[in-house]
Each structure stands twice: as structure tokens, then as C-alpha cells.
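S.K.: Please work out how this folds:
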Amino acid sequence: MHVADNPLHAAAALVIEGNAQSRAIIVSQLRDLGVGNVAQCARVHDARRRLEAQRYDVVVCEQQFDKESYSGQELLDDLRRHQILPFHTVFVMLTAEATYSKVAEAAESALDAYLLKPHTAASLGERIQLARQRKKVLHAIFSAIDAQDFDHATALCLARFETRQDYWLYAARIGAELLLRAGHIGEAQRLYEAVIEAKTLPWARLGVARAQLESGVPAKAVTTIESLLADDDSYADAYDVMGRAQFELGQFDQALSTYAMATRLTPHSVSRLLKHGMLAFYGGDRGEGVALLDRAARLGVDSKLFDPQALVLLALARFDNNDTRGLQRCVDQLARTADRSFEPERPRRLHEVAAAINNLHNKVNAAALDTTVRLMREVLSPGFDTESACNLVTLMVRMAQRGATPPDAETAITAIALRFGTSRAMSELLACAAKGNEPWAETLRQGHARVLGLSEQAMRLSLKGDPTGTVEQLLTEAERTRNAKLIESAHQVLQRHAERIATRETLQQRVDAMRQSYRARPLRLGDHTGVTPGGVALPAGYRAPERVGLLDARPVD
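M.R.: Residues are numbered from 1 along each chain as shown. Predicted coordinates for the structure are as follows:
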């Protein structure tokens with residue numbers, strides 16, 4: 001990474017401005033500053049496509065566009081949230097006096113610089129150079145992240161924060177983000193709280209809520225965010241995290257209302273439309289869900305922000321409405337997505353489900369049945385996740401409705417119920433996917449209760465002084481069901497009573513193998529990039545360290 005060594009004459013810039021005269025002035029100013037290559041866009045959607053396809057050293061963007069409701073801030077939020085902007089890019093927002101406070105607040109978390117209009121070439125140049133200086137000062141931190149040396153990067157961040165060196169707040173936010181993503185939840189929460197003591201900032205308060213959510217206490221996260229929103233009810237990222245916490249608590253109606261608020265605040269955010277639409281679809285309001293997913297597809301079906309799972313849900317809706325052409329469009333789009341994806345495994349799997357739905361619609365039942373049966377055989381495989389389970393259930397329901405119920409369907413439904421019944425919310429979600437087949441829906445709904453019963457039965461042995469028996473029984477059931485909560489419960493009992501378990505090393509090997517292969521992967525709900533709302537964007541080369549035992553693998557409650 002060579003941030004400061006890249007002179008402006010070798011830099012590329014993009015100007016995003018709806019007014020032709022203003023755009024020409026900014027382009028001229030950048031050229032006068034010595035920027036070697038200046039491109040320009042009049043529309044935000046065109047700019048997003050350019051930024052997804054090409055890297056720029058400087059982006060100068062208008063905050064409000066007269067003929068578009070999609071703002072420059074929404075564009076920046078989406079790009080940062082999905083890590084599309086590389087670290088070296090300087091993003092400058094132009095704003096009128098009326099919107100200054102909103103942009104100034106956003107600058108704490110995402111912007112490199114902002115300028116009040118009208119501005120001079122000198123002020124624009126100063127902002128760009130100051131932003132590049134910050135990147136130079138923090139160069140060592142981001143170089144360590146690029147090298148995957150997260151411990152060193154975190155240490156550098158903490159040292160800068162503790163000694164209050166230049167950009168200490170920004171460093172603290174990066175450090176807390178690294179701790180949170182690496183699974184050091186308590187340390188991350190303490191750092192966020194230390195920031196709040198030094199200077200109360202919305203992102204730090206939201207960071208505390210994110211840590212609480214990762215720690216397995218979503219109710220506390222909800223309380224923290226309610227306090228934050230009481231002070232600022234326009235903080236869209238807070239609604240994202242609140243919706244996730246409510247989803248974890250099984251409060252689907254509240255989560256739906258929360259996501260709806262985020263969508264109203266940012267009506268052209270593709271990722272928020274996806275989250276809102278998917279939850280509405282799974283939660284039972286298919287009409288609203290389809291409308292939101294359709295809107296997300298119109299805005300950005302070819303965008304990196306778009307989650308192809310939405311096309312599977314739209315394919316199901318087209319099937320239910322007997323929309324032959326609409327269904328075929330979804331299948332074709334998924335095929336194109338898989339073909340051009342750098343990691344095509346998931347898009348191909350999604351295309352396979354949509355193609356089976358299309359075959360069923362066209363009465364090619366044998367082909368649809370072949371796909372369904374093969375997916376049923378994969379229910380206990382490591383790569384089969386919650387998304388795959390929901391898609392398979394919806395496919396099986398429609399097969400049954402067409403009089404082509406797959407053989408051993410009840411066995412597969414039971415296996416899904418036991419493997420993915422990691423919480424009441426997850427079991428209810430699977431039951432929603434089975435809408436149209438009440439017996440299957442009830443089997444899935446009872447999944448968490450059955451897993452809880454298996455756990456309680458094993459725990460009785462520990463209460464009777466036989467922790468070895470508890471671990472062995474939990475592992476036996478975990479190996480049978482592949483349930484992540486049972487695996488994690490076995491791990492925690494083993495850790496708690498290690499001195500009393502003679503065979504702990506052998507049991508630990510079994511536990512570790514299961515944890516590695518069958519850690520829970522929650523439903524994405526549109527967050528296919530894995531970037532948590534409210535988090536700071538890390539360099540494009542960042543790869544989170546592998547871990548288990550957090551939000552996805554808490555003991556059975």
C-alpha cells in the first residue's frame with residue numbers, strides 16, 4: 001500500500017455531481033491541483049457502477065442530487081459497508097449549509113473530508129492533502145492488516161489511543177473493530193466504553209451494542225440501542241443492529257418494523273432493502289417482501305451490493321404467481337451471476353435451486369426431483385447452511401404441493417429441524433419457510449425445543465457428578481444431529497470440568513473437529529458480504545480470522 005507516495009499527478013479522480021456547471025468547475029479545480037486523470041458522473045447509480053469496477057484515488061461527491069432521492073451519503077454508506085472503496089481512496093463530500101450537521105456527523109465514521117459550498121480549489125486541495133496525511137500516519141496499522149497480522153495492528157491501534165497520538169479516535173475504532181471480528185468481545189466492548197468516556201460518539205455507543213449482541217445478550221443490545229436512538233433517531237446503522245438483535249430474540253414483528261425504519265431513512269440502500277424484504281418474505285408478509293426485493297433488484301441487480309439469494313425468493317414468488325417469464329428471468333440472472341462471480345460456489349447453488357423451481361413450473365418433475373433429492377442428501381454435510389436449509393424446505397413444499405413429494409421427505413425435514421434448531425428464532429424462521437405444509441412447519445418449529453431437551457437430559461449427568469457422561473452424551477447427539485449448540489455446550493462443559501474428566505484430550509479432539517466443521521452460520525438477511533452494520537470498513541484485503549464460539553455457537557438457551 002503506497003498512500004502518501006502516490007502524487008496527485010499520477011492519481012485518478014471521480015467527480016459525482018448532478019449539476020453540469022458545478023461538475024465542470026470541480027473537474028477544472030482537480031486538474032489545476034495536478035490530478036492527472038479526472039472522470040465524471042452526473043448520476044449516483046452510474047457512479048456506483050464505476051466505483052465497483054475501477055479504483056480511484058480521490059472521489060468528490062455531491063451530498064444531494066436534485067433529480068434523485070439517492071444521496072451521496074447513501075452511496076458512501078453502501079460502498080463503505082460492503083468494503084468496495086479501498087483504504088487509499090480519499091472521499092470528499094460537498095454539502096450545502098442546510099445539510100452540514102448530517103455530513104459532519106458522518107465524517108466521524110466514514111468520510112475523509114467534507115466541504116461547504118461554494119468552495120475554492122485551495123480548500124479542496126487542502127482537504128485532500130489532510131486526508132492523505134491521515135492515511136500516511138495510519139499506514140503501519142493498515143499494512144499490518146493487509147499482512148493479516150491482526151495482533152500487531154490491534155496493538156498499534158491501542159498504543160495510539162492510549163497515548164492520544166494523532167487520529168487516536170480513528171485508531172480506537174479500527175482497533176475495536178479488529179477485536180470484535182477476531183472474537184475478543186470483552187476487550188472490544190471495554191475499548192468502545194473507553195472511547196465513550198473520552199468523547200461520547202454514536203459509533204462507540206453502537207459498538208457497545210454490537211459487542212453485547214456478539215456476546216449472546218441481544219436484549220442488552222436492544223436496550224443500548226434504544227438509548228442511542230433516543231438521542232439520534234436518524235442513525236440508520238443503529239436500526240440495522242437493532243433489527244438483528246430483535247431477530248435473534250425471535251421478535252420478528254419488531255425486527256420488521258425496525259428494518260422498515262432503516263429503509264425509510266435510506267430508501268435507495270440496496271442492502272437495507274434486501275434485509276427488510278427478506279425478513280418480510282420469511283416472516284409471512286410475502287407481498288411486502290416481494291415488493292422490496294423487486295425494488296432492490298431494479299436498483300442494483302448487477303451491483304456487488306446485491307445478494308443473489310433475493311433472486312431465489314423472487315423466483316419462488318414468480319412460481320407461486322404462475323409468472324413464467326418472470327421466473328425465467330430470475331433463473332437467467334442467477335446463471336449470469338454465477339458465471340461472473342470470483343467465488344461462484346454459492347451463486348451456483350442458488351441457481352440450482354431456482355432452476356429446480358423452474359423445472360417444476362414447466363412440469364419437468366424428474367429434473368426437479370433429482371435436484372431436491374440430492375440436496376436432501378447434503379443436509380448433514382458441513383457446507384450445508386441455514387440459507388440452504390430454508391431454500392430446500394421451500395422447494396420441498398412446492399414439490400409436495402404439485403404431488404411430487406420427494407421420498408424420505410419427513411426424515412429430511414426432521415434432520416433440518418434438529419441441525420438448525422439452534423434458537424427459537426431459527427426454528428420459527430424454518431417453520432415460516434415451510435408455509436403451505438403445516439405438518440412440516442410444526443416439525444421445524446419444534447426443533448429448538450427438541451434440541452433443548454437433548455441438552456437438558458445430558459446436563460443431568462453432570463449434576464449427578466458425571467461431567468464425562470455429559471460431554472459424551474452431548475457429543476453423541478451432536479454427531480447425530482450436527483447441531484452447533486450441542487457442540488458448543490459439550491465444549492463448555494469440557495472446559496469447565498477439565499480436571500475431573502480423565503479422557504478430556506480425546507474428547508477435546510472430537511469437540512474441536514465438530515466445532516471446525518459444523519459451526520453455525522446464521523441467515524445472512526442480505527448481508528452477503530459479512531460486513532456488520534455499524535462497523536468501520538477495513539482494507540479490501542482484510543480476511544477475518546477463523547473462530548467459533550461467538551454469536552453463532554452459544555450454548556443452548
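S.K.: List the buried residues for stretch 378-396?
M.R.: Applying a neighbour-count criterion of 16 or more other Cβ atoms under 10 Å, one finds 379-380, 384-396 buried in stretch 378-396. Yep, even glycine has a C-beta here, placed from its N, CA and C like the rest.
S.K.: Quick one: end-to-end distance for that stretch.
M.R.: Start-to-end span of stretch 378-396 (Cα to Cα, to the nearest Å) is 14 Å.
S.K.: Can I get stretch 313-320 in PDB, CA atoms only?
M.R.: Below are the C-alpha coordinates for stretch 313-320, written out as PDB (Å, rounded to 0.1, in the frame of the first residue of the first chain):
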ATOM      1  CA  LEU A 313     -37.000 -15.700  -3.200                       C
ATOM      2  CA  LEU A 314     -38.300 -13.700  -6.300                       C
ATOM      3  CA  ALA A 315     -38.200 -17.000  -8.300                       C
ATOM      4  CA  LEU A 316     -40.400 -18.600  -5.600                       C
ATOM      5  CA  ALA A 317     -42.800 -15.700  -5.800                       C
ATOM      6  CA  ARG A 318     -42.900 -15.900  -9.600                       C
ATOM      7  CA  PHE A 319     -43.600 -19.600  -9.300                       C
ATOM      8  CA  ASP A 320     -46.500 -19.000  -6.900                       C
END
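S.K.: how far does it sit from the chain's center?
M.R.: For stretch 313-320, the separation from the chain centroid amounts to 24 Å (computed by Cα atoms, centre = their mean, to the nearest Å).
S.K.: From the rest of the structure, what touches that stretch?
M.R.: Defining contact as Cβ atoms under 8 Å, 6 or more residues apart in numbering, one finds that stretch 313-320 is touched by 277-278, 281, 286, 289-290, 293-294, 297, 323-324, 326-327, 330-331, 334, 353-354, 357-358, 360-361, 394, 398.
S.K.: Now, the residues you listed that are in helices?
M.R.: Using DSSP state H, 277-278, 281, 286, 289-290, 293-294, 297, 324, 326-327, 330-331, 334, 353-354, 357-358, 360-361, 394, 398 are the members of these that sit in helices.
S.K.: Was I right to think Leu454 contacts Glu477?
M.R.: Yes: between Leu454 and Glu477 there is a contact at 4.8 Å, judged by Cβ atoms under 8 Å.
S.K.: Could you tell me which residues touch both of the two?
M.R.: Common neighbours of Leu454 and Glu477, using Cβ under 8 Å, 6+ apart, are Leu486.
S.K.: And for the residue lying closest to Ala39 once chain neighbours are set aside, the neighbour number?
M.R.: In space, and not counting its chain neighbours, Ala39 is closest to Leu14: 5.0 Å by Cβ to Cβ, 6 or more residues apart in numbering. When neighbours are defined as other Cβ atoms under 10 Å, Leu14 has 23 of them.
S.K.: Among the buried residues of stretch 378-396, which pair sits farthest apart?
M.R.: Using Cβ to Cβ, these span at most 19.4 Å, a distance reached by Leu380 and Thr394.
S.K.: List the contacts of Ser462.
M.R.: Counting by Cβ under 8 Å, 6+ apart, Ser462 makes contact with Gly469, Thr470, Val493, His497.
S.K.: my bad, should have said Lys464
M.R.: Contacts of Lys464 (Cβ under 8 Å, 6+ apart): none.
S.K.: Return the residues in contact with Arg349.
M.R.: Arg349 neighbours (Cβ under 8 Å, 6+ apart): Ser388.
S.K.: Would you tell me what helix or strand it is located in?
M.R.: helix 345-361 (DSSP states H and E).
S.K.: List the buried residues for that helix?
M.R.: For helix 345-361, burial by neighbour count (16+ other Cβ under 10 Å) applies to 346-361.
S.K.: Kindly report the same for stretch 441-457.
M.R.: Neighbour-count burial for stretch 441-457 flags Ala441, Thr443, Leu444, Arg445, Gln446, Gly447, His448, Arg450, Val451, Leu452, Leu454, Ser455 (criterion: 16+ other Cβ under 10 Å).
S.K.: Dump the residues you listed to a markdown table, plus pLDDT and secondary structure.
M.R.: Formatted as a markdown table, the buried residues of stretch 441-457 follow (pLDDT from 0 to 100; DSSP: H, G, I helix; E, B strand; the rest coil):
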| residue | pLDDT | secondary structure |
| --- | --- | --- |
| Ala441 | 96 | helix |
| Thr443 | 98 | helix |
| Leu444 | 97 | helix |
| Arg445 | 96 | helix |
| Gln446 | 97 | coil |
| Gly447 | 97 | helix |
| His448 | 95 | helix |
| Arg450 | 97 | helix |
| Val451 | 97 | helix |
| Leu452 | 96 | helix |
| Leu454 | 96 | helix |
| Ser455 | 96 | helix |
